[in-house]
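In: Below is the sequence, then the predicted model.
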Amino acid sequence: MQKSVRYNEGHALFLSAVARKEGTKRGYLCKKAAENSRWHEKFFALYQNILFYFENEQSARPAGIYLLEGCTCERAPAPKMSTTGKEALEKQHYFLIVFGHDGQKPLELRTEEEYECDEWVEAIQQASYSDIIIEREVLMQKYIHLVQIVETEKVAANQLRTQLEDQDTEIERLKAEIVALNKTKERMRPYHVYHENEDPDIKKIKKVQSFMRGWLCRRKWKIIVQDYICSPHAESMRKRNQIVFNMVEAETEYVHQLYILVNCFLRPLRMAASSKKPPISHDDVSSIFLNSETIMFLHEIFHQGLKARIANWPTLVLADLFDILLPMLNIYQEFVRNHQYSLQVLANCKQNRDFDKLLKQYESNAACEGRMLETFLTYPMFQIPRYIITLHELLAHTPHEHVERKSLEFAKSKLEELSRVMHDEVSDTENIRKNLAIERMIVEGCDILLDTSQTFVRQGSLIQLPSVERGKLSKVRLGSLSLKKEGERQCFLFTKHFLVCTRSSGGKLHLLKQGGVLSLIDCTLIEEPDANDEESKAGGQVFGQLDFKLVVEPTDSPSFTVVLLAPSRQEKAAWTSDISQCIDNIRCNGLMTSVFEENSKVTVPHMIKSDVRLHKDDVDICFSKTLNSCKVPQIRYASVERLLERLTDLRFLSIDFLNTFLHTYRIFTTASVVMDKLADIYKKPFSSIPIRSLELFFATNQNNRSGEHTNDKSPRLCRKFSSPPPLSISSRTSSPVRARKLSLHSPITARVGGLDLTSPLSNSSVNHSNSQSTASSPTSAHTPQTPTPQTPTPTSGENSRCSVSPASAFAIATAAAGHGTPPVFTNSERTCDKEFIIRRAATNRVLNVLRHWVSKHSQDFEMNGELKMSVICLLEEVLRDPDLLPQERKATANILSALSQDEQEDAQLRIEDILQMADCPKAECFESLSAMELAEQITLLDHIVFRSIPYEEFLGQGWMKEDKTDRTPYIMKTSQHFNDMSNLVASQIMTHTDVGSRASSIEKWVAVADICRCLNNYNGVLEITSALNRSAIYRLKKTWAKISKQTKALMDKLQKTVSSEGRFKNLRETLKNCNPPCVPYLGMYLTDLAFIEEGTPNFTEEGLVNFSKMRMISHIIREIRQFQQTPYRIEHQAKVTQYLLDKTLIMDEDTLYDLSLKIEPRLPA
């Protein structure tokens, strides 16, 4: 035990201050002085094993310190005194502290209360650590005893070792004597050969017996070996060894690829960057290659280890190699994260002619085998998944009792975790890169795109119509050339904002000075013009109902209206559906916030964060680290029940999740299951909110039912989100459904007045007296009025679920929508209103999902009559709800109207219509048609065929199955149309007998392909270039010699654009920067879908839906549908299409090649 303690004065002062504030025991005690045996009252504070005493409680500096470690504390009897002081002493209680340090006197203390004395004694006894010290002494004695035993055993071991050495010496001596005796015996043996006299028959019998024993033994071992060779274990081991051999071969190839990347590209480019006139900077070299050299060194070490293991075959132990490799594989994270950026830097560097020339020189190296640098940079992207697949196959053929089974499983789990992290980082940066790409295209920049919560939804070209005073449209014609040129806008929709840009001649984008950046929370979407407004009615007739309005009502500036014109009804439906979804999500979040934050301590964000089911992995769900637009982790794997639960969660709805679910639900469930879930949520809305959150919410409200009125200016009655003021339109009828706010929680305007929602018709729900008073003082969109809700007299048909009227409940939810003072309601009314609003939110969610489903996935209902009828029945049931709000009634009616339409009113051409036209003229010859006419009609036909493909054909790789014609008829028609057009081009060229005519025909087709490129018809470009690259045409050297250099250069440019090199890298880059309308090459998307389908399963081993895969499939389908929905404004010319679709002009491949041989025979060898 320590006899002294060193301490710093500052440290002691700090501890004394802590003891005075937070000590385990504090109070006044009387301390006996050592000099005069007098008692002095001091303030004592006990902290851990240190006892401080102060002159008084206010003293900042301690008067003394005692270290209690090893001390004993016990009660002490009162000292003997005279009879006069005996009574006073009996009221005092003494205790003594005896220290374990040598030479330190005991400390005598006393208190006035017995219980206080006992507490001090117990606290000091605990602070002395006496039990620990005793235990330490016992352990020390045991340790000394064990040390003695070890020393004794060492001595005994040395003695035994000496004895063994002596015995070994004695054995060697005896062996030497035996050898000597044997030699002596051999010398004494007589020198004659002993011939054993044995019977020859006996010898033969023994020989036969020996042969039979050997044969039986060999047969037995042969059967054992054959049985083992045919056993499952041996088969599994053979497959396991084959997997290892394949892995070694793949690793050898991968190391060779990395060697080429480093030695043929990285190191030469570093030297070039250090030259006098560098074609590339060192920073660009580092950005392109990053840590490629480190990856090569790492895999060289791993490859050497694999070869060493193969040298020790058949003993193949690989787990320790992966244990060494795993900690260093994190360098792939940085490489994958940088991959897209490195390709962009490389593309920018290729703009430099010197660098491009130097790079082509490096790529021409024989070691590269014609592969480009981009190909080598892509190889490391697939290495981690390759290891995972290899380990998965290896574990499948490794017995459970194998020595390295657990190590391989651990390596596989670590690689899968690393792969998930890499995948999540790529997904997380994908949206950021998209936003940054758009931000770089805008000359002025756009700060809102730097917000990571902004999720890109869609983009496209719309025409902004000019407006005059009072928000009325000027009378312009849709076909006006000036309107198309001056009013065309490039629009971008994000989850929170809507961007309107103009495009300059150089291709750069410029935000509009007014209305360039629209905050969706301040916007109200009006899909259809007011039928009673003559100007709007006339405008609707002029524009074919293709226009829609965004009424912007910012809080800090005057309101204004943006009128946009879509190129088609489908395009308008797509835009309005996406915009409404974004607005609904923002406002629904605000509504739920106002419901749960008004009197409850449980806010909506807190409710979402506290719900572990939204972010914590479970047996039926697994999340990624990437957050969606609602700041909730994206689902990676989940059961069907959890996906349906997310679809109907009232607190939020991600547009990405909704699109992914509706695109891919056929893979893991059926439409009837989805409809049953929606119907259940409509009838039982409280089942869609976690029970724990509801309990917290309602329990808090029960405690708050005090019946007190809230102050009129209380901020609790205000909405917790910025909601726009209501749009009031001056009208005699003042119908509440004219200006349709697509958010079903939009505020009730002053012209609506008190609503009697018990009436089944929305028009009869208007309070006439209030409407007349409102009509007498008309308002405009620029001067919104304060809403004045009134509570009507309750009737017998009133809602039994709530004691107050729905109009009053809705007024509470939208109290801050106007600019006036919100009304005052009691706490009991607000509690009932919260339940009512949750029911309205459930109705809103069901209608939102159905509206999105019907407007953007109408093909589901065209092909499934049962689904259509179930939706109609549910909507009719919604319409019969007496509590239905006017906005909900209007939305329900709109969905029913969309379902009731048999066909779209747009007169869109189909290939069948073109082929069956009765009065079509006779097809003209190729020479009489101009290149522009051919290119336009090829583009029109390609887009008609392309847009006719229903998106469900892209699921399940139906185009690769045996019954592909039945499963994917439209994809097969598209493929057949591509082949027919390509055959037509080749056949037309081969019909010419002279060289000049063939050369002129080729030049004309190249010009047609270039015009197709200008029209964004890259499918047409590939149709023509693939025809020109056919062997029958490509071999015509005399014909190609007549082609001009400009045409050859143009053809090379076109071929480079649609080249399949690098998974159509150039075509993908071109499509990113192109604006619809566009016809992409369908084969590129089919290849992507096949890669996704083959690389990842639909379900995990636990039976969960692989929703990450669904998200990737949906992303590709959305891109395809974006191009499908935007039509071309090209007039159909029957004379051209009849020529292009004439099957009699097409020759087969053999006929073309035979004709090519006749035109230009092969040269003799």
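Out: Received the coordinates, thanks.
In: how about the helices in the stretch 1-150 of the chain?
Out: 9-22, 83-90, 114-127, 130-188 (DSSP state H, counting those that start in this stretch).
In: who wins for proximity to residue 581 among those?
Out: Closest to residue 581 of the helices of the stretch 1-150 of the chain, according to C-beta to C-beta: helix 9-22, at 55.6 Å. For every residue, glycine as well, the C-beta is placed using N, CA and C.
In: and the closest one, how far out from the chain's middle?
Out: Computed by C-alpha atoms, centre = their mean, to the nearest Å, the chain-centroid distance of helix 9-22 equals 53 Å.
In: Likewise for stretch 44-53?
Out: Distance, centroid of stretch 44-53 to centroid of chain: 57 Å (C-alpha atoms, centre = their mean).
In: List the buried residues in it.
Out: By 16 or more other C-beta atoms under 10 Å, the buried positions in stretch 44-53 come out as 44-47, 49-53.
In: do the same with stretch 490-504
Out: By neighbour count with 16+ other C-beta under 10 Å, stretch 490-504 contains the buried residues 490-502.
In: same thing with stretch 665-678?
Out: Going by neighbour count (16+ other C-beta under 10 Å), the buried part of stretch 665-678 is 665, 668-669, 671, 674-675, 677-678.
In: Return the subset of those lying in helices.
Out: Under the assignment DSSP state H, the buried residues of stretch 665-678 contribute 665, 668, 671, 674-675, 677-678 to helices.
In: Could you export those residues as CSV, including pLDDT and distance to residue 896?
Out: Formatted as CSV, those follow (pLDDT from 0 to 100; distance: C-beta to C-beta, whole Å):
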residue, pLDDT, distance to residue 896
665, 89, 22
668, 90, 29
671, 89, 18
674, 91, 18
675, 90, 15
677, 88, 20
678, 89, 15
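In: re the thing from before, lowest-confidence entry in the buried residues of stretch 490-504?
Out: Among the buried residues of stretch 490-504, residue 495 has the lowest pLDDT, at 83.
In: give me every residue that touches that residue.
Out: 453-455, 457, 520, 582, 585, 629, 655 (C-beta atoms under 8 Å, 6 or more residues apart in numbering).
In: just to revisit the earlier point, can you say which two of the buried residues of stretch 44-53 are spatially most distant?
Out: 49 and 53 (15.1 Å).
In: wait, is residue 461 part of a helix?
Out: No: the assignment for residue 461 (DSSP: H, G, I helix; E, B strand; the rest coil) gives strand, which keeps it out of a helix.
In: Settle this for me: it is touching residue 567, isn't it.
Out: Yes: look at residue 461 against residue 567 with C-beta atoms under 8 Å: they come within range, at 7.5 Å.
In: For the spatially closest residue to residue 109 that is not a sequence neighbour, give me its contacts.
Out: Of all residues not flanking residue 109 in the chain, residue 29 sits nearest, at 4.8 Å (C-beta to C-beta, 6 or more residues apart in numbering). Applying C-beta under 8 Å, 6+ apart, we find residue 29 in contact with 41-42, 44, 53, 109-111, 120.
In: what's residue 219 sitting at in phi/psi?
Out: Main-chain dihedrals, residue 219, degrees, to the nearest 10: phi -60, psi -40.
In: still on that earlier bit, which of the contacts of residue 29 fall in strands?
Out: The strands in this structure, assigned by DSSP state E, contain 41-42, 44, 53, 109-111 from the contacts of residue 29.
In: Tell me the one among these nearest to residue 1027.
Out: Minimum distance to residue 1027 across these is 102.0 Å, recorded for residue 44 (C-beta to C-beta).
In: Against residue 80, how distant is that closest one?
Out: Noted for residue 44: a distance of 26 Å to residue 80, by C-beta to C-beta, to the nearest Å.
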